[in-house]
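> Pasting a predicted model and its sequence here:
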Amino acid sequence: MNVDIKDAGVARKIATVRFDSDEVSKHESKVCQELGKLVSIPGFRKGKAPANVIRKKYAKELRDELNRKVSTAAYEAVLEQKDLKVFSVLKVDAGELSSSQSASVEVTVDIEPEFTLPDYKDFELTIEPTDVSDEEVTKELDAIREQRASFDVVERASVKGDYVKCSYEGSLDGKLVADLLPEKPMYGKQANTWEEAGNQTGMGVDAIAEGVIGMSAGDTKEVTADFPKDFEIELLAGKSVSYSVEVHEVREKKAPSLEDEEFLKSIKMETPEELKEKVTEQLKIRKKQENENLKRKQITQNILDMEDFPLPQQAVEEESKAIFQNRVQQASRQGVKPEEIEKNRDDWWKESQTQGQARVKLTLVLGKIAEAEKVNVENEDLAQAATREAMMRREDPTKFIKALTQDRARLNRLREDIVYDKTLIKIAELSKEQICDIEGEHTH
């Protein structure tokens, strides 16, 4: 057996494994012998039929199995090459084999790239202070109170912050907008809709939210909405639309006080002080988690900033396809029209390739760091990750884990993700941290 290796592109090799006729004959004889033990031929006891009879009666099966045997031998010979680190085997082509002739088998492989690890123990990571200010606590408490606010009907003109029940209809150049844009009723005609007085969200007609300030139940008013020239709806872009508005009801939003017993009871707290302590602790935990995410982003960027090295082509292709397909599926779920998806296909594919290359680079570097730091994936890690994924998918964890164990590709991907995550945590532990002087400013 002889192995000859040549380049076939970036990080790709083709190994030609040559077998002389004697080696092929030995494989063929062994296959014939093994097949003879399994088949039943009339006139012969099982396993006692002559080789020439087996070759004649089971020629196709013999040929297929010989191909498999020789291909496996070639594949194993390539993996045993000391100076060839195989990342993945892409194709094994044995061609047409004959027991009396020599054979050449082509094995196409992507190889593990050679690269120098960054000085990850010297990464300098910038984090935010985790101190919680009184202002932050107050803001969070206000948000909790707002969530449990009551909306009481009032017999007065609305002020900013009130919720106003109203109806409106728009006209443009003497034509009803509802007729011009039947698929966009928000900009044409609404009956008994609610507006927060003075709250211009950019979603809908902001002029109406502003216009209802000062109106009482039963009042009517004409409001003009000036749409910008770059407005997303072409028909309204740069146009002024007149809206007839009628108010039906005004409600005042009242948030409970921190001392309100019913409010405290609803959130299972005894005293305002207990609530403040809990909010403070939650804010600290949130800030710590945000710092963990911040450190991971910086580590990831440091790795991507490394000097580029050849990447396994097949791995990049598979990652790019997975990213692209996920983007298309997400767009479809969000209601993007097929023609719009097709229009963006080329740009999305280019972006997916860039992201695929980055992901493979990260995976290779983190994998090598994981080896250096002896980062392992335990069964407990797999079980916890699988349970979390099942809960996110709203599936039964037991059934999900059972299905996962039967799908080697998905299981390997989950294992890879766990290694990726644990290695990022390990690098963060080894790196140097510095607290940002000005909140919100980072090196990355």
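Perfect, thanks for sending it.
> Going by residue numbers, what spans are helices in the stretch 251-400 of the chain?
261-266, 272-304, 313-333, 338-372, 379-392, 397-405 (DSSP state H, counting those that start in this stretch).
> will you turn these into a markdown table that also has distance to Gly238, mean neighbour count and mean pLDDT?
Glycine gets a C-beta too; all of them are placed from N, C-alpha and C. Shown next, in a markdown table, are the helices of the stretch 251-400 of the chain (distance: least, CB to CB, whole Å; neighbours: other CB atoms under 10 Å; pLDDT from 0 to 100):
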| stretch | distance to Gly238 | mean neighbour count | mean pLDDT |
| --- | --- | --- | --- |
| helix 261-266 | 48 | 13 | 94 |
| helix 272-304 | 40 | 16 | 96 |
| helix 313-333 | 29 | 16 | 93 |
| helix 338-372 | 23 | 15 | 94 |
| helix 379-392 | 44 | 14 | 89 |
| helix 397-405 | 53 | 14 | 86 |
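> how about JSON lines for those helices, with distance to Ile111 added?
As requested, these are exported to JSON lines (distance: least, CB to CB, whole Å):
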{"stretch": "helix 261-266", "distance to Ile111": "63"}
{"stretch": "helix 272-304", "distance to Ile111": "20"}
{"stretch": "helix 313-333", "distance to Ile111": "10"}
{"stretch": "helix 338-372", "distance to Ile111": "12"}
{"stretch": "helix 379-392", "distance to Ile111": "29"}
{"stretch": "helix 397-405", "distance to Ile111": "30"}
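> mind checking which of those helices is nearest Glu222?
Glu222 sits nearest to helix 338-372 of all the helices of the stretch 251-400 of the chain, at 36.8 Å, using CB to CB.
> so what secondary structure elements neighbour that closest one?
For helix 338-372, the packing partners by 3 or more CB pairs under 8 Å, 6 or more residues apart in numbering; DSSP states H and E come out as helix 272-304, helix 313-333, helix 408-430.
> can you list those in TSV and add distance to Glu261?
Below are those laid out as TSV (distance: least, CB to CB, whole Å):
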stretch	distance to Glu261
helix 272-304	11
helix 313-333	45
helix 408-430	44
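> who wins for proximity to Val109 among the ones you listed?
Proximity to Val109 (CB to CB) singles out helix 313-333 among the helices and strands packed on helix 338-372, at 9.3 Å.
> circling back: nearest to Ala49 among the helices and strands packed on helix 338-372 would be which one?
With CB to CB as the criterion, Ala49 lies closest to helix 408-430 of the helices and strands packed on helix 338-372, at 37.7 Å.
> export the helix or strand that the closest one is followed by as PDB, just CAs?
Using DSSP states H and E, the next helix or strand after helix 408-430 towards the C-terminus is strand 432-435. Output of strand 432-435 as PDB, limited to C-alpha atoms (Å, rounded to 0.1, in the frame of the first residue of the first chain):
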ATOM      1  CA  LYS A 432      -7.300  40.400  33.500                       C
ATOM      2  CA  GLU A 433     -10.300  42.600  34.300                       C
ATOM      3  CA  GLN A 434     -10.500  46.400  34.600                       C
ATOM      4  CA  ILE A 435     -13.600  48.400  35.600                       C
END
